[in-house]
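# Need coordinates for the following:
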Amino acid sequence: MPKINGNEIRPGNVLEHEGSLWGAVKVDHVKPGKGGAFAQVELKNLRDGRKLNERFRSADKVERVRLDQKDQQFLFETDGMLTFMDSETYEQIALPVDILGDRRPFLQDGMVVHIEYYGEEALNVTLPQKVVCKVAETEPVVKGQTAANSFKPAILDNGVRVMIPPFVGTDEDIIVNTELFEYVERA
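Down below sits the predicted model:
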């Protein structure tokens with residue numbers, strides 16, 4: 001694995017640090033008035049989700065890890081495990097539900113996701129950024145409320161609450177951003 005200097009760390013990089021795999025979430029380059037410059041890096045453990053703030057000087061060497069990405073199709077869920085299939089080799093893999101965290105409701109049957117592997121170990125599942133959902137219930141439109149940029153609460157068919165524009169009604173398909181849990185547009 002290639003070693004990089006501490007000042008070359010970028011958000012999204014995966015590092016091997018203290019015997020574990022960490023993803024760089026946020027990187028701030030600091031040049032204090034006295035002393036050498038350093039990178040203040042917020043790290044997230046890819047295996048258990050712990051967070052860590054670490055300082056890396058430019059002279060510090062860290063291992064940068066490359067993860068293999070595969071597109072896999074979601075098949076079904078049983079006993080708290082999600083089963084995915086590689087569309088090229090047709091091999092199946094079962095991963096725990098909590099690997100998706102609060103994005104779990106957006107996973108739909110047959111959806112193709114990106115799974116990142118370190119060797120044979122699956123570390124992360126990335127959903128498509130935009131997903132089509134149906135509005136299950138929302139408030140009716142109130143006349144005269146369209147002048148201002150106003151939104152109303154809605155519950156989607158997967159149980160997630162989002163804010164939608166007043167012109168969207170019940171049983172309409174909308175596109176939702178899975179990272180921000182926000183309405184994007186009508187489908």
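# any idea what sits nearest Asp28, other than its immediate chain neighbours?
Across the structure, with C-beta to C-beta, 6 or more residues apart in numbering as the measure, the residue nearest Asp28 apart from its sequence neighbours is Gln40 (4.5 Å). C-betas here are computed from N, CA, C, even on glycine.
# and the helix or strand hosting the one you found, how far from the chain's centre?
Under the criterion of DSSP states H and E, Gln40 resides in strand 38-45. In terms of C-alpha atoms, centre = their mean, to the nearest Å, the centre of strand 38-45 is set 18 Å apart from its chain centre.
# What residues of that strand count as buried?
Of the residues in strand 38-45, those buried by neighbour count under the rule 16 or more other C-beta atoms under 10 Å are 38-39, 41-43.
# ok, back up a step: just checking, the residue nearest to Asp28 touches Val25?
No: counting by C-beta atoms under 8 Å, Gln40 stays clear of Val25, with 11.6 Å between them.
# Can you give me every residue that contacts the residue nearest to Asp28?
Contact analysis of Gln40 by C-beta atoms under 8 Å, 6 or more residues apart in numbering lists 27-30, 53-55.
# ok, now Ala37?
Ala37 sits in contact with 7, 29-31, 57-58, where contact means C-beta under 8 Å, 6+ apart.
# What's the separation between it and Trp22?
Going from Ala37 to Trp22 by C-beta to C-beta, to the nearest Å gives 21 Å.
# rewinding a little: what is the residue nearest to Asp28 paired to in the beta sheet?
Judged by DSSP bridges, the bridge partners of Gln40 are Asp28, Arg55.
# With Asn13 as the reference, measure out to it.
Distance from Gln40 to Asn13, by C-beta to C-beta: 15 Å.
# How about Phe84: what's its closest non-neighbour residue?
Per C-beta to C-beta, 6+ apart, closest to Phe84 is Gln72, 4.1 Å.
# I'd say the one you found and Met85 touch.
Yes: if you go by C-beta under 8 Å, Gln72 and Met85 touch, sitting 6.1 Å apart.
# higher neighbour count, the two?
The neighbour count for Gln72 versus Met85, taken as other C-beta atoms under 10 Å, is higher for Gln72 (23 against 15).
# Fine by me, we can end here.
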